[in-house]
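Sequence plus the predicted model coming up.
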2 protein chains.
Amino acid sequence: MIKSAGSKPGEIPAPTMADVARKAGVSAMTVSRALRQNSYVSEEARERIMAAVNDLGYVLDQAAGSLSSRKTGFVAAIIPSINNSNFSDTARGITDALENTGLQLLLGYTDYSVEREEKLIESMLRRRPEGIILTGGAHTARARRMLEKAAIPVVETWDIPTNPVDQVVGFSNGEAMALLVRTLAAKGYTRFGYIGGTTSRDTRGSQRRAGFVRALEELGLPTGRVISFGVPPISMEQGAQAIVSLLDRWPDTQVVLCVSDLSAFGALMECRRRGLRVPEDIAIAGFGDYEISACSHPRMTTINVGCYDIGQLAATKLIEAIQGEGGTAEEITLTGYRVIEREST
Amino acid sequence: MIKSAGSKPGEIPAPTMADVARKAGVSAMTVSRALRQNSYVSEEARERIMAAVNDLGYVLDQAAGSLSSRKTGFVAAIIPSINNSNFSDTARGITDALENTGLQLLLGYTDYSVEREEKLIESMLRRRPEGIILTGGAHTARARRMLEKAAIPVVETWDIPTNPVDQVVGFSNGEAMALLVRTLAAKGYTRFGYIGGTTSRDTRGSQRRAGFVRALEELGLPTGRVISFGVPPISMEQGAQAIVSLLDRWPDTQVVLCVSDLSAFGALMECRRRGLRVPEDIAIAGFGDYEISACSHPRMTTINVGCYDIGQLAATKLIEAIQGEGGTAEEITLTGYRVIEREST
DNA sequence: CTGTTAGCGCCTTCAG
DNA sequence: CTGAAGGCGCTAACAG
């Protein structure tokens, strides 16, 4: 504990604006003005105020300020996992877009659970954020109701919900995966396998799987070689185990697509460990273009979905809606993705 | 924009406690009591209140509450990078420890810059967090002063500062790296190389390097094979480039230690790509025990430092200090680390 | 350019 | 178990 702290008796209460005002010989209102960028304060007064602020070690109390100004300066963002670099890239994009707007990020993660998302939304709304960014379009009914009641701009990302709450910045996970299938089919592969999680929780994961199946159907190729493996997120280790089962069951599989680069990497390394040549004996592709896929040996084919840009764009749209007149139409912004062919296919 | 929103004229203002109270036929005070767990409210009143809350879609405004209760329910945490799974594991540990305490995390990242840390600390202190968790012991003078003035519990993590602000939950990065050197020296390696970043910004990185050199000196082994490579964080790709330079310059190097598993992985893959056998031709070890090191081929030797536990323990200590009488002594809690020997050495 | 007045929405405190 | 009064620290709105 520093000096005297906590709620000890004899504690020195933090200085308030009134303390600064007294010390600088002005009113609290002038201090308030001096501490913001806009409003006019004489150079002389400003200097005295800043000196007093420094002397006292005064730090503005935004909770009090936002109560009276009715603006909290918070923006909430909810991602599935903070440990997944795809989503933390999105979080970085959000933070960077928020820089210099005076808005502060309230970040939470759901562990891929809509129930946890609901709780998070509730606890975040208690902080009265001026806008909120969500991942995906699957929410509980109560979460949806709370969002609508909150009457703040909402941006759903990483997906294209069929029934958006408000704005959307995302892409079709199914279409992206389908594109990958078509690209690989064009190279001559016909016997495709798939590794992903159980479909119940991770909506993006199940959309990718659906896109995989749909693309194969359209190409008239067999669709059955699918391994579903545990609840998301599917780890590298699970990818390794899954490819063993998959090749065990369907030994003539030529190429395996995975729900993400992480499981793909696990699968890739396991194949190398077992002496399989990639892509000669078995080709492998991931999803998400994580750092790892550009660096592995062999380098991995994957699909880049612009995680950082999603975050930056979502935040930009949100800021516009917050600062705008509130009349922005509901809007769906599609973000791009592209297949990155590397050595593993 | 949902329904009517933003600051449009004709907007429906969010319901307040008074609205709920009116609807439930009680006073605002009773609503306030009903919405918390403690305090006594009759079952009958509580039911009516909850019904009104539901009808109105009322969500408590914590900013107002904390102004009067003088407790914000915020805890701040600052990590170097949100994209590094070691630190996001720590963040998860913090979040998990905070669960069910009613405390909410305010998370920020510095990109390894003490200047950015200073700005973050300032903007977070404006939210009046009840405690703060930092990474490392290097702060600007002004940051230190602000922390001291704030008179809230502080926990520095991931390091053992020579002059702690308050509490510490960490380990010696230098000692951990030295242990790795000794472990490998015991296996017979004598010609060690090292890959890390420039030392100016990442204090943990430079401590690891110092530990590397110190351990070799104590063993009477040569210490010169060090490649410094860019500002942190050192990427996988930089690890790949660095090992090429290193082996180019010192071809007889037997084992290379890296500042983290990420650069070590890049180095490992690059060696495999060039047809080098690992560990026969060149052994490689990382630091941090990222998921990747357990899954790569060959699996990588590294050192596990309990990232998640650091976060959980730091938050637990912080909560104790917050809830305690404020008299907790300054305390240094050492966390454990252990070498994990795998196939790459 | 500066000050005054009032009140943001809730909780503390004290009375019933 | 419930209510009334008052104020947390700041800023909007208006007056000078």
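Structure's in. What do you need? Since we're looking at a predicted model, the values are computed, not measured.

Packing partners of the helix or strand harbouring A:Ala242?
Assigned by DSSP states H and E, A:Ala242 falls within helix A:236-249. Packing contacts for helix A:236-249, counted by 3 or more Cβ pairs under 8 Å, 6 or more residues apart in numbering or on different chains; DSSP states H and E, involve strand A:192-196, strand A:226-228, strand A:255-258, helix A:261-273, helix B:291-295. All C-beta spots, glycine's among them, are computed from the backbone N, C-alpha and C.

Please enumerate residues in contact with the last one?
Put plainly, it is helix B:291-295. Taking Cβ atoms under 8 Å, 6 or more residues apart in numbering or on different chains as the criterion, the residues outside helix B:291-295 that touch it are A:235-237, A:240, A:262, A:265-266, A:269, A:292, B:85, B:261-262, B:264-265, B:286, B:299-302, B:340, B:342.

Would you check that A:Tyr58 makes contact with A:Asp19?
Yes - taking contacts as Cβ atoms under 8 Å, A:Tyr58 lies within contact range of A:Asp19: 7.1 Å.

These two: which is more packed in?
Neighbour count, other Cβ atoms under 10 Å in any protein chain shown: between A:Tyr58 and A:Asp19, A:Tyr58 has more, with 21 against 17.

Local confidence estimate at that one?
Looking at A:Tyr58, its pLDDT is 94.

Identify the residues contacting it.
A:Pro15, A:Thr16, A:Met17, A:Asp19, A:Val20, A:Ala52.

farthest pair in the residues you listed?
A:Thr16 and A:Ala52 (11.9 Å; Cβ to Cβ).

With neighbour numbers in mind, choose between the two.
Comparing A:Thr16 with A:Ala52 by other Cβ under 10 Å, the one with more neighbours is A:Ala52, at 21 against 16.

Next, that one: secondary structure please.
helix (DSSP: H, G, I helix; E, B strand; the rest coil).

thinking it is in contact with A:Ala24, fair?
Yes - A:Ala52 lies in contact with A:Ala24 (Cβ under 8 Å); the separation is 4.2 Å.

right, and A:Met124 touches A:Ile132 too?
Yes - using Cβ under 8 Å, A:Met124 is in contact with A:Ile132, at 7.0 Å.

Identify the contacts common to the two.
Counting by Cβ under 8 Å, 6+ apart, the residues touching both A:Met124 and A:Ile132 are A:Ala76, A:Ile78.

which bits of the stretch 51-200 of chain A sit near DNA strand D?
Contact residues (Cβ under 7 Å from any atom of the strand) of the stretch 51-200 of chain A with DNA strand D: A:Leu60, A:Asp61, A:Ala64, A:Gly65, A:Leu67, A:Ser68, A:Ser69, A:Arg70.

Looking at these, which are in helices?
The helices, defined by DSSP state H, take in A:Ala64, A:Gly65, A:Leu67, A:Ser68, A:Ser69 from these.

Closest to B:Val256 out of those?
Nearest member of these to B:Val256, counting by Cβ to Cβ, is A:Gly65, at 53.1 Å.

what number of residues lie near that closest one?
A:Gly65: 19 neighbours (other Cβ under 10 Å).

Repeat that for A:Thr90.
29.

which regions of the stretch 201-345 of chain A sit below the pLDDT cut-off?
Along the stretch 201-345 of chain A, segments meeting pLDDT under 70 span A:325-329.

Which residues of it lie near chain B?
A:235-237, A:240, A:262, A:265-266, A:269-270, A:272-273, A:291-292, A:294-297, A:321-322, A:324-330 (Cβ under 8 Å from any Cβ of the partner chain).

mind running it again at 10 Å?
Contact residues, the stretch 201-345 of chain A versus chain B (Cβ under 10 Å from any Cβ of the partner chain): A:235-237, A:239-240, A:262, A:265-274, A:290-292, A:294-299, A:308, A:321-331, A:343.

Okay, buried residues for stretch A:299-309 please.
Across stretch A:299-309, burial judged by 16 or more other Cβ atoms under 10 Å in any protein chain shown covers A:Arg299, A:Met300, A:Thr301, A:Thr302, A:Ile303, A:Asn304, A:Val305, A:Gly306, A:Cys307, A:Tyr308.

Please consider this matter closed, and thank you.
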